[in-house]
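**Student:** Return a 3D structure for these sequence lines:
(4 chains, ligands or ions: 4)
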Number of protein chains: 2
Amino acid sequence: MTQTVVQQPTSKAALISVSLAHAENLCRANRARLTPIRRRVLETLHNSNRPLGAYDLAAALAPQGRRMAPITVYRALEFLIEQGLAHRLASLNAYVASSQANDGRGTAAFLICEACGSVSEVSSPELHDAVSNLHKSHSFSPRARLLELTGRCAHC
Amino acid sequence: MTQTVVQQPTSKAALISVSLAHAENLCRANRARLTPIRRRVLETLHNSNRPLGAYDLAAALAPQGRRMAPITVYRALEFLIEQGLAHRLASLNAYVASSQANDGRGTAAFLICEACGSVSEVSSPELHDAVSNLHKSHSFSPRARLLELTGRCAHC
DNA sequence: ACATATATGTTATATAGCTACATATTTAAA
DNA sequence: TTTAAATATGTAGCTATATAACATATATGT
Ligand SMILES: [Zn+2]
Ligand SMILES: [Zn+2]
Ligand SMILES: [Zn+2]
Ligand SMILES: [Zn+2]
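**Tutor:** Residues are numbered from 1 along each chain as shown, chains lettered A, B, ... in the order given. Ligands and ions are numbered 1, 2, ... in the order given. I've put the predicted structure just below:
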């Protein structure tokens, strides 16, 4: 009996369309509106293999030579970040799409490669606990966490 | 036999002068030059009970109405950060003097209170290990760590 | 005293993010 | 299904943060 090995849809395009579908669902569930502009910003972030600045996005989202008004991009980013669909990297003044892989795994950190510019979102229960204990031991009520580690990735 | 309880020099002014003396020693050891400008920037940071922006420093360091050239402040900050005497808080675009208390205790994090603006530099071996393991498990060579936790402090 | 490296002064510019207010679109109520 | 309210976008100008480029001054080592 022969077995057919089906190629899983792991191409970049396929992964992105999965992410966008997830975003649609999430927003529907939250009664939040993933408008065309917001969707295009998210899509552009997913299509990029490195973080994009707000003005990069503004340029990417307008036709040749022109550029979308920066405020429009900032408003879309604010929405996406609120929904947990994107992150701001404070050390780069740039933005990335959230990785599905890290959903609901608690405290996430970003590994930022200075050589190739790539960023990966990672987490560990150990890290989550350490941060959590740090809060507790200082009676600090957390709202936002910013964990960015800069250096060289495995490949560089 | 009577015992004289000597008041320890724990006033703010005394603590600051200890910190500045430490800075002098450190720079001497590193053959780095703690020039008057750099020293004044560091002193101003120590005198503040909250982080200061570069332009705040520029205003504070020039006589009434005038302001030091921003680039001068940025150059001084760059020096202080290189020497480990100050930190940049990326989530605030602001700067703080390093706490002596955290010297050589590995990875430090900052607890930033949104209500009162205070910042404390904290650490734990647990946090240090968690970050360290995260690096290792992703074959990532770290250079800089950015750990900022925003919320409400014990007092607020 | 000289040469070199380091630090500061001066001016202009780049980059990032936001305010204010008008218009359009969507949603919910009447 | 009008109407009203809430939400989103357009447009213009502005504020805040950070750096580039080049000249001058000061310190350091020979
Ligand atoms: Zn995420
Ligand atoms: Zn890399
Ligand atoms: Zn420190
Ligand atoms: Zn507080």
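**Student:** following the helix or strand hosting A:T44, which helix or strand shows up next?
**Tutor:** In the assignment (DSSP states H and E), A:T44 maps to helix A:36-47. Moving toward the C-terminus from helix A:36-47, the next helix or strand (DSSP H and E) is helix A:54-60.
**Student:** what about that next one and chain B, touching?
**Tutor:** No: Helix A:54-60 lies out of reach of chain B by C-beta under 8 Å from any C-beta of the partner chain, never closer than 15.0 Å. All C-beta atoms are positioned from the backbone trio N, CA, C, and that covers glycine.
**Student:** pLDDT on that helix, on average?
**Tutor:** Model confidence over helix A:54-60, given as mean pLDDT, is 98.
**Student:** Mind checking if stretch A:136-151 is in reach of ligand 4?
**Tutor:** No: applying C-beta under 5 Å from the ion, one finds stretch A:136-151 separated from ligand 4 by no less than 9.0 Å.
**Student:** returning to what we had before: pull out the buried residues from the helix holding A:T44.
**Tutor:** For helix A:36-47, a neighbour-count test (16 or more other C-beta atoms under 10 Å in any protein chain shown) marks A:38-39, A:41-46 as buried.
**Student:** Including pLDDT and distance to B:S99, could those residues go into CSV?
**Tutor:** Listed next are the buried residues of helix A:36-47 as CSV, based on pLDDT from 0 to 100; distance: C-beta to C-beta, whole Å:
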residue, pLDDT, distance to B:S99
A:R38, 98, 41
A:R39, 98, 45
A:V41, 98, 39
A:L42, 98, 40
A:E43, 98, 44
A:T44, 98, 41
A:L45, 98, 36
A:H46, 97, 40
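**Student:** How far off centre is the helix holding A:T44?
**Tutor:** Its chain's average C-alpha position is 11 Å from that of helix A:36-47, according to C-alpha atoms, centre = their mean, to the nearest Å.
**Student:** How about stretch A:109-124?
**Tutor:** 11 Å.
**Student:** How is chain A partitioned into domains?
**Tutor:** A:12-97, A:108-151 (automatic domain parsing).
**Student:** Averaged pLDDT, the shortest one. What do you get?
**Tutor:** Looking at domain A:108-151 alone, the average pLDDT works out to 96.
**Student:** ok, is it in contact with chain B or not?
**Tutor:** Yes: remark: domain A:108-151 sits within contact range of chain B at A:109, A:111, A:113-114, A:120, A:122, A:124, A:126-127, A:129-131, A:133-135, A:137-151, by C-beta under 8 Å from any C-beta.
**Student:** Would you quantify the distance from the nearest residue to A:R105 once chain neighbours are set aside to A:E114?
**Tutor:** Spatially, and ignoring its direct neighbours in sequence, A:R105 is nearest to A:S123 (4.5 Å; C-beta to C-beta, 6 or more residues apart in numbering or on different chains). To A:E114, A:S123 is 21 Å away according to C-beta to C-beta, to the nearest Å.
**Student:** Same drill for these two, tell me which one is more crowded.
**Tutor:** Taking neighbours as other C-beta atoms under 10 Å in any protein chain shown, A:S123 and A:E114 compare with A:S123 leading, 19 against 13.
**Student:** List the contacts of the more buried one.
**Tutor:** A:102, A:105-109 (C-beta atoms under 8 Å, 6 or more residues apart in numbering or on different chains).
**Student:** what do you get if the cut-off is 6 Å, keeping everything else the same?
**Tutor:** Applying C-beta atoms under 6 Å, 6 or more residues apart in numbering or on different chains, we find A:S123 in contact with A:102, A:105, A:108.
**Student:** All the helices of chain A, residue numbers only.
**Tutor:** Counting by DSSP state H, chain A has helices at residues A:12-29, A:36-47, A:54-60, A:70-82, A:125-137.
**Student:** packing partners for the last one?
**Tutor:** On a contact count with 3 or more C-beta pairs under 6 Å, 6 or more residues apart in numbering or on different chains; DSSP states H and E, helix A:125-137 meets helix B:125-137.
**Student:** Get me the contact residues on chain A for ligand 2.
**Tutor:** Within chain A, the positions adjacent to ligand 2 are A:113, A:115-116, A:153, A:156 by C-beta under 5 Å from the ion.
**Student:** ok, back up a step: could you give the angle of the helix holding A:T44 to helix A:12-29?
**Tutor:** 140 degrees (axes from the mean of the first three to the mean of the last three C-alpha atoms, to 10 degrees).
**Student:** Residue of chain A nearest ligand 4, please.
**Tutor:** Nearest residue of chain A to ligand 4, counting by C-beta to the ion: A:F140, 9.0 Å away.
**Student:** what's the closest non-adjacent residue to that residue?
**Tutor:** B:L111 (5.0 Å).
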